[in-house]
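**Q** sequence? don't have it. structure:
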């Protein structure tokens, strides 16, 4: 008996709530979350497998927020832009996450055009309805209805089971038939513990640092040794300016200690064992514009 299985891209402007949505739908943490925009830098994969009849497997792809880029530079922004495009290309269904705090109707229109531009089934979710004005939410709903795009409204701080059930049902109806599961139904993500640990450390940088500093940070795992009773992780936080190094380290090393401690606690919950985490800070000037550094971090353009 065939099952429904396919890929669902979650796209939108930075800080629209894409990562919060995918974590809620999968009921696991597969994407890091921050109130600061442009937290997501590469696609994150969340897998929802339903083994009871009717069977289905939904593979969610959380893309970076849409950004403007100069493709000729091949910098971090070019990579982010390409990641979003690839997610749209590879998806069977696309969910446009629309932020009612966005004042420009043209931004909403552009988001919907990008998401629905390749003859893919497009669904829309208006996020942050607890913060948006009623007239703005109504106007966005009208734009979606005019384009024949089904739309849901949700407070992502307190999403309801009813919202989740309705959205998942609509996704299933638009997925292709498959002779079997595309991934092991026991998996909830394709990310390895090494990659998840890297992202958690970066999330703690966003939580603890302010202004431009977290946007200039990257994290690289040097070693990841998962022994029977304890995991040993050696990581580097890269900053692109000399003066940022002192900010990340903090007075008497207190800021770096906080970032490392918060990350270690969350990684321990993730892997279910003790973690020895050592974190260093290095200045890599303009790493976000250096192709060698970007490749080393995994932010490599595919074209």
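**A** Arrived safely, thanks for sending. The model shown is predicted, which means the values in this text are computed figures rather than measured ones.
**Q** the stretch 151-300 of the chain: helices as residue ranges?
**A** In the stretch 151-300 of the chain, the helices defined using DSSP state H, counting those that start in this stretch lie at 161-173, 193-208, 242-249, 254-271, 291-297.
**Q** by contact count, what packs against the third one?
**A** What it means is helix 242-249. strand 230-239, helix 254-271, strand 274-283 (3 or more C-beta pairs under 8 Å, 6 or more residues apart in numbering; DSSP states H and E). In this view, the C-beta of every residue, glycine as well, is placed from N, C-alpha and C.
**Q** just the buried positions in the first one, please.
**A** Neighbour-count burial for strand 230-239, counted by 16 or more other C-beta atoms under 10 Å, picks out 231, 233, 235-239.
**Q** also stretch 139-149?
**A** Neighbour count says stretch 139-149 has 140-141, 143-144, 149 buried, by 16+ other C-beta under 10 Å.
**Q** low-confidence regions, this structure specifically.
**A** 1, 34-38, 67-74, 301-303 (pLDDT under 70).
**Q** show me where it has strands.
**A** 3-12, 44-50, 56-62, 93-98, 121-126, 151-153, 177-178, 217-226, 230-239, 274-283 (DSSP state E).
**Q** show me how far the second one is from its chain's centre.
**A** Okay, so that is strand 44-50. 13 Å (C-alpha atoms, centre = their mean, to the nearest Å).
**Q** same thing with the shortest one?
**A** Computed by C-alpha atoms, centre = their mean, the chain-centroid distance of strand 177-178 equals 26 Å.
**Q** I'd guessed residue 56 sits against residue 175; true?
**A** Yes: between residue 56 and residue 175 a contact is recorded at 6.8 Å, counting by C-beta atoms under 8 Å.
**Q** nearest spatial neighbour of residue 177, chain-adjacent residues omitted?
**A** residue 2 (4.2 Å; C-beta to C-beta, 6 or more residues apart in numbering).
**Q** ugh, wrong one, residue 270
**A** residue 196 (6.2 Å).
**Q** could I get the helices and strands packed on helix 242-249 as TSV with distance to residue 169?
**A** What follows is these, written out as TSV (distance: least, C-beta to C-beta, whole Å):
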stretch	distance to residue 169
strand 230-239	39
helix 254-271	30
strand 274-283	39
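**Q** out of those, nearest to residue 164?
**A** Closest to residue 164 of the helices and strands packed on helix 242-249 is helix 254-271 (C-beta to C-beta; 22.8 Å).
**Q** can you list contacts of that closest one?
**A** 29, 193, 196-197, 200-201, 203-205, 207-209, 226, 231, 233, 237, 247-250, 274-275, 277-279, 281 (C-beta atoms under 8 Å, 6 or more residues apart in numbering).
**Q** could you list every residue that touches the residue nearest to residue 270?
**A** 189, 267, 270.
**Q** residues touching the first one, list them.
**A** Residue 189 makes contact with 26, 28, 30, 44-47, 196 under the criterion C-beta under 8 Å, 6+ apart.
**Q** one more time with 7 Å, if that's ok
**A** The contact partners of residue 189, taken as C-beta atoms under 7 Å, 6 or more residues apart in numbering, are 30, 45-47.
**Q** most widely separated two among those?
**A** 30 and 47 (8.4 Å).
**Q** what residues are shared contacts of these two?
**A** Contacts common to residue 30 and residue 47, judged by C-beta under 7 Å, 6+ apart, are 188-189.
**Q** deepest-packed of the strands of the chain, please.
**A** strand 93-98 (a mean of 27; mean count of other C-beta atoms under 10 Å).
**Q** on that earlier part again, now, among the contacts of residue 189, which is nearest to residue 6?
**A** Looking across those and measuring by C-beta to C-beta, the closest to residue 6 is residue 47, at 11.6 Å.
**Q** where do the helices sit along the stretch 1-150 of the chain?
**A** 18-26, 76-90, 105-115, 134-146.
**Q** now these as a markdown table including distance to residue 64?
**A** Output for these, formatted as a markdown table (distance: least, C-beta to C-beta, whole Å):
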| stretch | distance to residue 64 |
| --- | --- |
| helix 18-26 | 9 |
| helix 76-90 | 4 |
| helix 105-115 | 13 |
| helix 134-146 | 22 |
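**Q** need the winner for burial among those.
**A** By mean count of other C-beta under 10 Å, the helices of the stretch 1-150 of the chain have helix 18-26 as the most buried, with a mean of 23.
**Q** by contact count, what packs against it?
**A** Counting contacts by 3 or more C-beta pairs under 7 Å, 6 or more residues apart in numbering; DSSP states H and E, helix 18-26 packs against strand 3-12, strand 44-50, strand 56-62, helix 161-173.
**Q** among these, which is nearest residue 109?
**A** Using C-beta to C-beta, these put strand 3-12 closest to residue 109, at 12.9 Å.
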